[in-house]
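In: Give me coordinates for this.
(4 chains)
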There are 2 protein chains.
Amino acid sequence: MNIGEIARRSGVSRSTVSYALSGKRPVSEETRQRIQAVIDELGYRPNATAKALKEGRTRTIALVIPPASRRLTDVQLGFVASVVDAAGRADLDVLLSPSGGEHDRSFERVIGGRRVDGVVLMEIRLEDDRVTRLRQTGLPFVTIGRNRHPEDMTWVDIDSDILISRCVHHLADLGHRRIALVNRSAELVATGYGPSYRAQAGFTRAIAERGVEGVETCCADDAQSGVSCVERLLDEHPALTAIATVNEAALPGLYRGIEHAGLAVPRDFSIAGVAARHLAENLHPPLTAADVPADELGARAVELLIERIADPATPHRDLLLAPPISLRGTTAPARPRDSPLS
Amino acid sequence: MNIGEIARRSGVSRSTVSYALSGKRPVSEETRQRIQAVIDELGYRPNATAKALKEGRTRTIALVIPPASRRLTDVQLGFVASVVDAAGRADLDVLLSPSGGEHDRSFERVIGGRRVDGVVLMEIRLEDDRVTRLRQTGLPFVTIGRNRHPEDMTWVDIDSDILISRCVHHLADLGHRRIALVNRSAELVATGYGPSYRAQAGFTRAIAERGVEGVETCCADDAQSGVSCVERLLDEHPALTAIATVNEAALPGLYRGIEHAGLAVPRDFSIAGVAARHLAENLHPPLTAADVPADELGARAVELLIERIADPATPHRDLLLAPPISLRGTTAPARPRDSPLS
DNA sequence: CATGTATGTCGAATCGGTTCGACCACGATA
DNA sequence: TATCGTGGTCGAACCGATTCGACATACATG
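Out: Residues are numbered from 1 along each chain as shown, chains lettered A, B, ... in the order given. Down below sits the predicted model:
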């Protein structure tokens, strides 16, 4: 079952078997065939662990995901899928490592034990311990998202600042004067989650540029919270006519909340956001949104990582995408409503 | 950076360092502290690959998922999350291996190269090559779902036969006389996907037991297909008053299609199904459904796998769950409708 | 005092591969 | 004929850990 067994049965040395398999030195056609016959018969496959030890690389990358207990959003799921896919195409295996909370053991095990040749890190915070930790180990890594100082690292990201700003401009173009930003959970925003932070920045800037009225609010990542979020918003700001959002999971709730308030989308109320295309198209009416190109980002992250693994001294690179807004069914010209309270 | 370096700097042999770390033989307190100091200073962590080679186990399990290109359903996602979670608690890493189509290289790489100590297999078909392959390698494995002959293997599953049958009985109890089964995609059913096959069996049986009229149909895994599926059903069977389904992804579409037809759920039309709790609760109105206990199944699968890894001769076990139907907002007494065509 | 037992340490073998240096046989070349 | 290159093979070293057997020292026991 190991290379020695194959060698013995073929009457050659272990090195000859190895060379017959790798082709790194010539082996006579005759012996090659004899060896191959034995291999086929026994169904021998070289032990990946032994190979990894000798070669000094595991042909495995780690994908560090947010703790699995918190449900992955559609966009995150898209990242996982495309990373796994791209890695597979490059004959790399993917070790899944949840991080955060009680899962830090897993991260430490994978990183410290050098079980992988490189790491793809998702869900980066503006200040992120894991980045610091990876830096000290010297293990190549690429992040999906960036921290506060992304200068000396390799990353891919979407520009949620620009994207949300585009949403606001689009809504303002349609005549909306009172626009709310529905961000992700307060907890996430508080712990310095990049996309939320940057969405906020883009929102504030665009609001100022257009001289319209803006309201910012946080909302937990589920439909129920979306409903109550809209209730609260309409209660406190009855003249609101549009929402821009980066909160995918809340979207069904936002739709429902608006409907409960007796408003029709997009006739009475507009929504624009940043979401997975799949999700945007499946909502009803389909969401006008900047579709996060998770496939491209994930695939590119893996490519960049492979580059860094091959040559860790390669200069750092990055990729910042700002896909256009796909106009679907949730934005329309503003129809001013009388505020019942004003 | 390796154990030899630590040994040299502490002035002891490599074996002493190893024993100091593992505690498998006594080491004097003094040397232990000296070694520990060096380790802390250099941030040394033993190489997992070398350890794996020597010990003959990798402390890694593979999780074989359906090809990532096809979007995972909520239930599948629940399985992944709980398996990763449970493995993490047992200090096992999880290697993600997509299988099917072009991804079979990945499966072969992981299994053949003995990169893992055991395998959790998801999305089992009634006839499944991967099960056959795993059998010949002798690698311990546990399946989530079962194939046609699950006698000599270890598996966990939900009893979709019983579950769908319960849905039918529940609907029949409410007076529904014409009930449709919305199964998963025709392709999946055709290739012998267990849950679909068993749902069909349970449906047919329950229909017969209650002497009601049943219609079976397949539906692709997305909202759009759900809409057209309902359209088609109501067109061909205008007197239909209820749907039982195992198709999570189609649910939003089913709701929408029913609404389009001018029917209200649950007043005019009832739905009962099998789905992830999370999803059922987030629909509007919340879905009356048997909630798939993905957490429990995933965790149990890992436990069973760990058992088999520790002792491959352990007798095979299984776990078949049939959670009760949670009554939520989508089922109500039948209100007969006149068929516009009859 | 001899013997036995436990503590503490070391060197060498081992896991299953890859790879380097050496060697032989052969035909081509000077 | 002496030399060289090359095809083909082997043995040994190596990757970085663990573990076994051996040995030395110290202490308790008969």
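
In: In the stretch 101-250 of chain A, mark out all the strands, start to finish.
Out: With strands called from DSSP state E, counting those that start in this stretch, the stretch 101-250 of chain A shows them at A:118-122, A:141-144, A:155-158, A:178-182, A:213-217, A:242-245.

In: Output the contacting helices and strands for the fourth one.
Out: Secondary-structure packing of strand A:178-182 (3 or more Cβ pairs under 8 Å, 6 or more residues apart in numbering or on different chains; DSSP states H and E): helix A:160-173, helix A:194-210, strand A:213-217, helix A:223-236, strand A:242-245. Using the backbone N, CA and C atoms, a C-beta is placed for each residue, glycine as well.

In: And those: which comes nearest chain B?
Out: Chain B sits nearest to helix A:223-236 of all those, at 4.2 Å, using Cβ to the nearest Cβ.

In: residues of the closest one that come out buried?
Out: Along helix A:223-236, the positions that meet the burial threshold by neighbour count (16 or more other Cβ atoms under 10 Å in any protein chain shown) are A:223, A:225-227, A:229-230, A:233-234.

In: With stretch A:215-222 instead?
Out: Going by neighbour count (16+ other Cβ under 10 Å), the buried part of stretch A:215-222 is A:215, A:217-222.

In: Near chain B, list only the ones from the buried residues of helix A:223-236.
Out: Taking Cβ under 8 Å from any Cβ of the partner chain, the overlap between the buried residues of helix A:223-236 and the neighbourhood of chain B is A:Ala223.

In: quick one, helices of chain A?
Out: Chain-ordered helices for chain A, with DSSP state H as the definition, fall at A:3-10, A:14-22, A:29-42, A:48-55, A:74-89, A:104-112, A:129-137, A:160-173, A:186-190, A:194-210, A:223-236, A:251-260, A:277-282, A:294-310.

In: any chance of these in a markdown table, plus distance to DNA strand C?
Out: Formatted as a markdown table, the helices of chain A follow (distance: least, Cβ to the nearest atom of the strand, whole Å):
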| stretch | distance to DNA strand C |
| --- | --- |
| helix A:3-10 | 3 |
| helix A:14-22 | 3 |
| helix A:29-42 | 11 |
| helix A:48-55 | 3 |
| helix A:74-89 | 21 |
| helix A:104-112 | 20 |
| helix A:129-137 | 23 |
| helix A:160-173 | 44 |
| helix A:186-190 | 45 |
| helix A:194-210 | 40 |
| helix A:223-236 | 52 |
| helix A:251-260 | 50 |
| helix A:277-282 | 41 |
| helix A:294-310 | 15 |
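
In: Columns mean pLDDT and distance to B:Ala313 on top of those, output as JSON lines?
Out: Formatted as JSON lines, the entries for the helices of chain A read as follows, by pLDDT from 0 to 100; distance: least, Cβ to Cβ, whole Å:
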{"stretch": "helix A:3-10", "mean pLDDT": "96", "distance to B:Ala313": "23"}
{"stretch": "helix A:14-22", "mean pLDDT": "96", "distance to B:Ala313": "31"}
{"stretch": "helix A:29-42", "mean pLDDT": "96", "distance to B:Ala313": "23"}
{"stretch": "helix A:48-55", "mean pLDDT": "97", "distance to B:Ala313": "24"}
{"stretch": "helix A:74-89", "mean pLDDT": "94", "distance to B:Ala313": "34"}
{"stretch": "helix A:104-112", "mean pLDDT": "92", "distance to B:Ala313": "29"}
{"stretch": "helix A:129-137", "mean pLDDT": "93", "distance to B:Ala313": "40"}
{"stretch": "helix A:160-173", "mean pLDDT": "97", "distance to B:Ala313": "54"}
{"stretch": "helix A:186-190", "mean pLDDT": "92", "distance to B:Ala313": "48"}
{"stretch": "helix A:194-210", "mean pLDDT": "97", "distance to B:Ala313": "51"}
{"stretch": "helix A:223-236", "mean pLDDT": "96", "distance to B:Ala313": "48"}
{"stretch": "helix A:251-260", "mean pLDDT": "95", "distance to B:Ala313": "50"}
{"stretch": "helix A:277-282", "mean pLDDT": "93", "distance to B:Ala313": "46"}
{"stretch": "helix A:294-310", "mean pLDDT": "97", "distance to B:Ala313": "40"}
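
In: Output the ones you listed as a markdown table; include the columns distance to B:Ile164.
Out: Supplementary listing: the helices of chain A in a markdown table, determined by distance: least, Cβ to Cβ, whole Å:
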| stretch | distance to B:Ile164 |
| --- | --- |
| helix A:3-10 | 51 |
| helix A:14-22 | 51 |
| helix A:29-42 | 46 |
| helix A:48-55 | 42 |
| helix A:74-89 | 27 |
| helix A:104-112 | 37 |
| helix A:129-137 | 44 |
| helix A:160-173 | 43 |
| helix A:186-190 | 39 |
| helix A:194-210 | 41 |
| helix A:223-236 | 26 |
| helix A:251-260 | 26 |
| helix A:277-282 | 25 |
| helix A:294-310 | 34 |
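
In: Compare the ones you listed and report which one is nearest to B:Gly100.
Out: Comparing those by their distance to B:Gly100 (Cβ to Cβ), the top pick is helix A:74-89, with 11.3 Å.

In: Can you list the buried residues in the closest one?
Out: By neighbour count, with 16+ other Cβ under 10 Å as the criterion, the buried positions of helix A:74-89 are A:74-88.

In: do the same with stretch A:160-174
Out: Buried-residue list, stretch A:160-174, by 16+ other Cβ under 10 Å: A:160-172, A:174.

In: what does that stretch contact?
Out: Taking Cβ atoms under 8 Å, 6 or more residues apart in numbering or on different chains as the criterion, the residues outside stretch A:160-174 that touch it are A:179, A:181, A:194-196, A:198-199, A:201-203, A:205-207, A:209-210, A:212, A:214, A:242, A:244, A:246, A:270, A:272-274, A:288, A:290, A:322-325, A:331-334.

In: Tell me how many other residues surround the residue in the stretch 51-200 of chain A that DNA strand D sits nearest to.
Out: Here the stretch 51-200 of chain A gets closest to DNA strand D at one residue, A:Lys54, 3.5 Å apart by Cβ to the nearest atom of the strand. The tally of other residues near A:Lys54 (other Cβ atoms under 10 Å in any protein chain shown) stands at 10.

In: Would you mind listing what in chain A touches DNA strand D?
Out: By Cβ under 7 Å from any atom of the strand, the residues of chain A that approach DNA strand D are A:11-16, A:19, A:25-32, A:50, A:53-54, A:56.

In: need the buried residues of stretch A:215-222 in JSON lines with pLDDT and distance to A:Arg114, can you?
Out: Output for the buried residues of stretch A:215-222, formatted as JSON lines (pLDDT from 0 to 100; distance: Cβ to Cβ, whole Å):
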{"residue": "A:Val215", "pLDDT": "97", "distance to A:Arg114": "49"}
{"residue": "A:Thr217", "pLDDT": "97", "distance to A:Arg114": "44"}
{"residue": "A:Cys218", "pLDDT": "97", "distance to A:Arg114": "39"}
{"residue": "A:Cys219", "pLDDT": "97", "distance to A:Arg114": "41"}
{"residue": "A:Ala220", "pLDDT": "95", "distance to A:Arg114": "38"}
{"residue": "A:Asp221", "pLDDT": "93", "distance to A:Arg114": "34"}
{"residue": "A:Asp222", "pLDDT": "91", "distance to A:Arg114": "38"}
